[in-house]
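Asker: Let me see the structure of the following:
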Amino acid sequence: MYTTPDLVERGGANAYLRGCASRSALDLLANKWVCLVVGALSPGPMRFGALRRRLDGITQKMLTRTLRDLERAGVVERTVYPTTPPQVEYALTPLGESLCGLMDSILGWAEEHMEEVEAARARYDERVSLPVDPLPRDAPARR
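Answerer: Numbering: from 1, shown residues only. Next up is the predicted model:
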């Protein structure tokens with residue numbers, strides 16, 4: 001597997017290649033909770049409880065894991081304030097802020113096209129639930 005500098009020498013990163021390091025960044029961004037956390041943090045820092053209330057349906061475990069993944073990737077910064085009990089706040093880093101436009105576009109697309117997607121799913125589900133008619137015995141074989 002090549003490192004990023006090796007890939008640059010060979011013409012740059014290519015996420016379509018199995019060994020490309022850019023795939024790990026793509027894996028991170030492909031998570032729906034990542035998209036929603038980045039969107040929720042885009043106006044400014046938030047505490048864990050406020051984030052959890054904002055992200056309806058996320059479990060504490062999933063939010064914790066998502067925030068740790070984002071912190072590890074340099075997208076989110078975690079600040080602990082020396083209070084009793086300690087207060088923890090999460091904020092986007094400059095790298096995380098660079099994702100806001102992309103995530104807004106993805107969320108906007110999902111909201112704009114949700115009815116079309118649901119209608120397509122319903123048509124598909126109806127089509128695959130129909131019994132398959134076998135070919136007549138005298139039908140020519142397809143190649």
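Asker: Name the helix or strand of this protein that has the lowest mean pLDDT.
Answerer: helix 4-9 (a mean of 57; mean pLDDT, DSSP states H and E).
Asker: For the residue most central in space within the chain, which residues are in contact?
Answerer: To find the centre residue of the chain, average its C-alpha atoms and take the closest one (Cα atoms, centre = their mean): that gives N31, at 2.5 Å. Neighbouring residues of N31 by Cβ atoms under 8 Å, 6 or more residues apart in numbering: T66, D69. Just so you know, the C-beta spots here come from the backbone N, C-alpha and C atoms, and that holds for glycine as well.
Asker: again, 6 Å this time
Answerer: Shown here is N31, which makes no contacts under the criterion Cβ atoms under 6 Å, 6 or more residues apart in numbering.
Asker: measure it to T59 for me?
Answerer: 14 Å (Cβ to Cβ, to the nearest Å).
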